[in-house]
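# take a look and give me a structure for this.
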Amino acid sequence: MEPIVTLEGANISILHNQVLKDVNLTIREGEFVYLIGKTGSGKSTLLKTLYGELPLKEGKGTVASFELSSLKRKKIPFLRRKLGIVFQDFQLLSDRTVSDNLLFVMKATGWKDKKEMKQRVETVLDRVGLNTKGFKYPHELSGGEQQRVAIARALINDPSLILADEPTGNLDPETSDNIINLLREISENGRAVLMATHDYKIMEKFTARTLKCEDGQLLES
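This is a model prediction of the structure:
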């Protein structure tokens, strides 16, 4: 299996504050990995470094063949086309339908052919079990359905890596289980999934490799 993420001797920082020191990490195609740690331990900072929001100033890092330490600002959109990012609070556009939320991302990432775009939207909505909900607005959906739309949006460019930051944080236990099942299926189809979570019940139920941010280090848990 090809590595999708590699970090070697990476120091993960916000501005001039070092959050994680000397991080060594490999995540391969089709791997499902949990990222745990207390609030403020560096989970979100690590994810932001992987998707180019924060620069990697020390050490080596590669994500989907992009070299993080030399990543130019103008190349970040190209990196993000290879990634799918899922947030806790969905971040859907409330004034657009589900389909239009997906089309908005497609236009922003360079899709042009309207027929192809329509087909892709139908494919990903079907993939997340929302093929009949494309015409609805986010406020007409349950929390779980909104998170499914967020996952559909993350899948739109057929990424090699999904980064999920507390994707079940606002959901009830049953809905959370459904979202985890969906993310695990996605990883079984060959994509890597790195999921930050506080939800230990989910981790007991759906066991997987686990990384822990603790005392300024990233440890295999």
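# run me through the strand neighbours of the helix or strand hosting residue 164, direction for each.
Assigned by DSSP states H and E, residue 164 falls within strand 161-165. Applying DSSP bridges to the sheet, strand 161-165 is found paired with strand 83-86 (parallel), strand 192-196 (parallel).
# okay, the ones you listed, which one's buried deepest?
Among the strands paired with strand 161-165, strand 192-196 has the highest mean neighbour count (mean count of other CB atoms under 10 Å), at a mean of 25. To be clear about C-beta, it is placed using only N, CA and C from the backbone, and glycine gets the same treatment.
# quick one: mean pLDDT over it.
Per-residue pLDDT values across strand 192-196 average out to 96.
# in contact with residue 79: list those residues for me.
51, 52, 63, 64, 66, 71 (CB atoms under 8 Å, 6 or more residues apart in numbering).
# and residue 202, what element?
Going by DSSP H and E, residue 202 is part of helix 200-205.
# who does the following helix or strand past that helix pair up with?
Downstream of helix 200-205, the first helix or strand assigned by DSSP H and E is strand 209-214. With DSSP bridges as the test, strand 209-214 is paired with strand 32-36 (parallel), strand 217-220 (antiparallel).
# quick one: buried residues of strand 209-214?
Across strand 209-214, burial judged by 16 or more other CB atoms under 10 Å covers 211, 212, 213.
# looking at those residues, which one is closest to residue 20?
Comparing these against residue 20 with CB to CB places residue 213 closest, at 6.4 Å.
# any idea of the pLDDT on the closest one?
Residue 213 is assigned 96 on the pLDDT scale.
# these two touch, right, it and residue 39?
No: counting by CB atoms under 8 Å, residue 213 stays clear of residue 39, with 10.3 Å between them.
# what's the single longest helix in this structure?
helix 173-188 (DSSP state H).
# could you check the angle it makes with strand 192-196?
Helix 173-188 runs at 150 degrees relative to strand 192-196, counting by axes from the mean of the first three to the mean of the last three CA atoms, to 10 degrees.
# can I get the CA coordinates of helix 173-188 in CSV?
Extracted as CSV, the C-alpha positions of helix 173-188 are listed here (Å, rounded to 0.1, in the frame of the first residue of the first chain):
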residue,chain,number,x,y,z
PRO,A,173,-24.8,7.8,19.4
GLU,A,174,-26.8,6.0,16.7
THR,A,175,-26.2,8.7,14.1
SER,A,176,-22.5,8.7,15.1
ASP,A,177,-22.3,4.9,14.5
ASN,A,178,-23.8,5.4,11.0
ILE,A,179,-21.2,8.1,10.2
ILE,A,180,-18.3,5.9,11.4
ASN,A,181,-19.6,3.0,9.4
LEU,A,182,-19.7,5.3,6.3
LEU,A,183,-16.1,6.5,6.9
ARG,A,184,-14.8,3.0,7.5
GLU,A,185,-16.5,1.8,4.2
ILE,A,186,-14.7,4.7,2.5
SER,A,187,-11.4,3.6,3.8
GLU,A,188,-12.1,0.0,2.8
